[in-house]
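> no FASTA, just this:
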């Protein structure tokens, strides 16, 4: 049984890693590549389950393109072609227009497009920094603020008004002027 798990994991991981490498290398993942990966996964499932999967198994339904998502959480994420809108830089990309009309002819421009249902308006903007970076910044600035408070307390100059801090006290002592008071007794 462990060998069968390894066959399935090895096959699925290799394809996922391959797709990630292609995305990092700026190579488009085509529909043919996805179909080839599905065929290889289908072959691995046939090796592991030579008698076939049960008719209700979601993997079998996916391989046969009969998966029914109604009543599931995944169904909420599906958007039909007729209801879909593409958005980039708070602009709706209209069907039939080319991307060069929106972006220009610069080949190095990275475009991240969001899909929304028709009539929902522009999608919410993504935060400039990630939540993890925000936490790190908040921790840094709170520590920095505490350090500044400690330094401000340590920078107290009130001791300079005390008698022992008078820089002329040694001179007054030698001259005998230490206890002279001006005013009525």
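Thanks, I have the structure now. Please read these numbers as outputs of a predicted model, since none were measured by experiment.

> in this protein, which residue is closest to the centre?
The residue lying closest to the centre of the chain (Cα atoms, centre = their mean) is residue 130, at 4.4 Å.

> and the pLDDT at that residue?
Here, the pLDDT recorded for residue 130 equals 87.

> go on, the one 3 residues further on?
Reported pLDDT at residue 133 in the predicted model: 93.

> ok, it - how many residues close by?
11 (other Cβ atoms under 10 Å). Glycine gets a C-beta too; all of them are placed from N, C-alpha and C.

> quickly find the element holding it.
helix 131-154 (DSSP states H and E).

> pull the number of nearby residues for the nearest residue to residue 163 once chain neighbours are set aside.
With sequence-adjacent residues excluded and distances taken as Cβ to Cβ, 6 or more residues apart in numbering, residue 163 is closest to residue 169, at 7.1 Å. Neighbours of residue 169 under the rule other Cβ under 10 Å: 12.

> then residue 147?
10.

> how far away is it from residue 138?
Noted for residue 147: a distance of 15 Å to residue 138, by Cβ to Cβ, to the nearest Å.

> quick one: the helices in the protein?
Along the chain, the segments classed as helices by DSSP state H run 2-24, 31-48, 58-63, 100-103, 131-154, 169-175.

> redo these as CSV? Include distance to residue 183.
Converted to CSV, the helices of the chain look like this (distance: least, Cβ to Cβ, whole Å):
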stretch, distance to residue 183
helix 2-24, 86
helix 31-48, 98
helix 58-63, 99
helix 100-103, 86
helix 131-154, 37
helix 169-175, 18
